[in-house]
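In: how would this look folded up:
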Amino acid sequence: MDESIPFKLGNVLYTLRKRSGITQKVMAEGIISQAQLSNIEKGKVIPLATTLYELSLRLGISIEDILLETYSDRMEYSEEVKSQVRVSIRNREYRQVKRILEAEKYHADFQSPINKQFILWHLGIVAYYCDNDILKSLDFLDQALDLSTHFHIFSAQKIEILNSKAIIYNEITEYKKSIASYKDALKQFQQLPKTSMNYKIKVRIHYGLTKSLHKDAQYYESIKICSDAIQILIREESMYLMGEVLYQRAQSLQSLNNMESATKGYEEARNIFLLQQNYEFEKVVQERLDEIKKSLKVYKD
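Out: All right, here's what the predicted structure looks like:
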């Protein structure tokens, strides 16, 4: 046997586990000891076929795919494709995403449940943003969520899909459905292993939820969720979405006619956007401040 195989297999299992956002303890529970899993991932031992099968079920990928990835460069290929999709989504290049998905959706590397879920998830996104087909978009997202039944763990990817669904509901003014989807995502997030909780995911959900609550005129609840998100960011010593969350809280405060607190919030948001050289958002905030000053002047006059 090729002496590199134990190392390659261990690396594949390690990469899949990390991608799924679970700890060794959760991965090994009820199958083998954590120490045994650690040795497998380090390439010190090869697992029994029955052990590998149970580990594959927990990861939501077939044992055949694990072996194929061990003996080939398939994992590198699928991860590279996913990276291209994520970058294009960030840049809002939805037509480019659509081209990638059409080229890859029948590829052998994307037939495992977790990779097929990734494809369906992003097909749902492009169906909305490229084709303006709301029903098709939601159908793709529901198909993607249904695939979560193949996983024996709580998946960070499922949470991201619920987040995407909530965003689309918000954009079509179905605010209560959007709020429900965001809250479902938060509930799922709480069931992730503590060590794999990505605070950025939680803050993104909080931020989206506050926008839907605000548009549904639930201003007090929106302010509360904003405050929760701000505390998370302070604890993590992070500025991720801090300006956006402060702006959203100020909007709800303004809607409640708390102009003093709203002004303070807008000024804090503006300062962050200036530091980040996000002049487009800074301009939006300044317009809000000018709006408040004008309304106060009219009131005094």
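In: so residue 13 sits right up against residue 65, yeah?
Out: No - the pair residue 13 / residue 65 is not scored as a contact, 11.8 Å apart, by CB atoms under 8 Å. Every residue, glycine included, has its C-beta placed from N, CA and C.
In: Residue 89: which element?
Out: Residue 89 belongs to helix 74-90 when assigned by DSSP states H and E.
In: tell me how far that helix is from the chain's mean position?
Out: Chain-centre distance of helix 74-90: 15 Å, with CA atoms, centre = their mean, to the nearest Å.
In: Then stretch 46-53?
Out: 31 Å.
In: Helix or strand: which one has the closest residue to residue 229 other than its chain neighbours?
Out: Distances taken as CB to CB, 6 or more residues apart in numbering place residue 206 nearest to residue 229, at 3.8 Å, with adjacent residues excluded. Assigned by DSSP H and E, residue 206 belongs to helix 199-215.
In: Could I get the buried residue list for the next helix or strand after that helix?
Out: Scanning forward in sequence from helix 199-215 by DSSP H and E, the next helix or strand is helix 219-235. For helix 219-235, the buried set under the neighbour-count rule, 16 or more other CB atoms under 10 Å, comprises 219, 221, 222, 223, 225, 226, 229, 230, 232, 233.
In: helix or strand right after helix 219-235?
Out: Of the helices and strands lying after helix 219-235 in sequence (DSSP H and E), the nearest is helix 242-255.
In: which helices and strands does that following helix pack with?
Out: Counting contacts by 3 or more CB pairs under 8 Å, 6 or more residues apart in numbering; DSSP states H and E, helix 242-255 packs against helix 199-215, helix 219-235, helix 259-275, helix 279-300.
In: just the ones you listed: most buried one?
Out: helix 199-215 (a mean of 21; mean count of other CB atoms under 10 Å).
In: how far out from the middle of the chain is that one?
Out: On CA atoms, centre = their mean, the centre of helix 199-215 falls 11 Å from the chain's centre.
In: I'd like the C-alpha coordinates of that helix written as PDB, please.
Out: Extracted in PDB, the C-alpha atoms of helix 199-215 (Å, rounded to 0.1, in the frame of the first residue of the first chain):
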ATOM      1  CA  TYR A 199     -19.600  35.000  15.600                       C
ATOM      2  CA  LYS A 200     -19.700  36.600  12.100                       C
ATOM      3  CA  ILE A 201     -22.500  34.300  11.100                       C
ATOM      4  CA  LYS A 202     -24.500  35.200  14.200                       C
ATOM      5  CA  VAL A 203     -23.900  38.900  13.700                       C
ATOM      6  CA  ARG A 204     -25.000  38.600  10.000                       C
ATOM      7  CA  ILE A 205     -28.200  36.900  11.100                       C
ATOM      8  CA  HIS A 206     -28.800  39.600  13.800                       C
ATOM      9  CA  TYR A 207     -28.200  42.400  11.300                       C
ATOM     10  CA  GLY A 208     -30.700  40.900   8.800                       C
ATOM     11  CA  LEU A 209     -33.200  40.200  11.500                       C
ATOM     12  CA  THR A 210     -33.100  43.800  12.700                       C
ATOM     13  CA  LYS A 211     -33.800  45.100   9.200                       C
ATOM     14  CA  SER A 212     -36.900  42.900   8.900                       C
ATOM     15  CA  LEU A 213     -38.100  43.800  12.400                       C
ATOM     16  CA  HIS A 214     -37.700  47.500  11.500                       C
ATOM     17  CA  LYS A 215     -39.600  47.200   8.300                       C
END
